[in-house]
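Participant: dropping a prediction and its sequence here:
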Amino acid sequence: MDENDQESKKNRKWFRAYGNKMWAFNEHELMRKRYASIADFEINKINRHQ
């Protein structure tokens, strides 16, 4: 990774996703439907755990 890549990585925004999911399976236990409602929230630099 060169110097520009490292600087770009430091400046990237972080996000956390919250939401609800509902999966429906058929009689063979294969997924037949999947619904999701998801919202992304930015994580401030002071709240990031690395």
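Facilitator: Looks like it arrived, so ask away.

Participant: okay, which residue of the chain is out on the far edge from center?
Facilitator: Within the chain, the residue lying farthest from the chain centre (CA atoms, centre = their mean) is E27, at 30.1 Å.

Participant: now do the contacts for M22.
Facilitator: When contacts are counted by CB atoms under 8 Å, 6 or more residues apart in numbering, M22 touches K33, R34, Y35, A36. C-beta here means a position set from N, CA and C on the backbone, and glycine is covered the same way.

Participant: in a strand, that's where the residue farthest from the centre of the chain is, yeah?
Facilitator: No. Checked against DSSP: H, G, I helix; E, B strand; the rest coil, E27 lies outside a strand; its state is coil.

Participant: and it, what does it touch?
Facilitator: Counting by CB under 8 Å, 6+ apart, E27 touches no other residue.

Participant: show the pLDDT at it.
Facilitator: You'll see E27 listed with a pLDDT of 96.

Participant: same check, this time on the one 5 residues further on
Facilitator: Predicted confidence (pLDDT) at R32: the value is 95.

Participant: coming back round to it: can I get the contacts of M22 in a markdown table with distance to W23?
Facilitator: Listed next are the contacts of M22 as a markdown table, based on distance: CB to CB, whole Å:
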| residue | distance to W23 |
| --- | --- |
| K33 | 7 |
| R34 | 5 |
| Y35 | 8 |
| A36 | 9 |
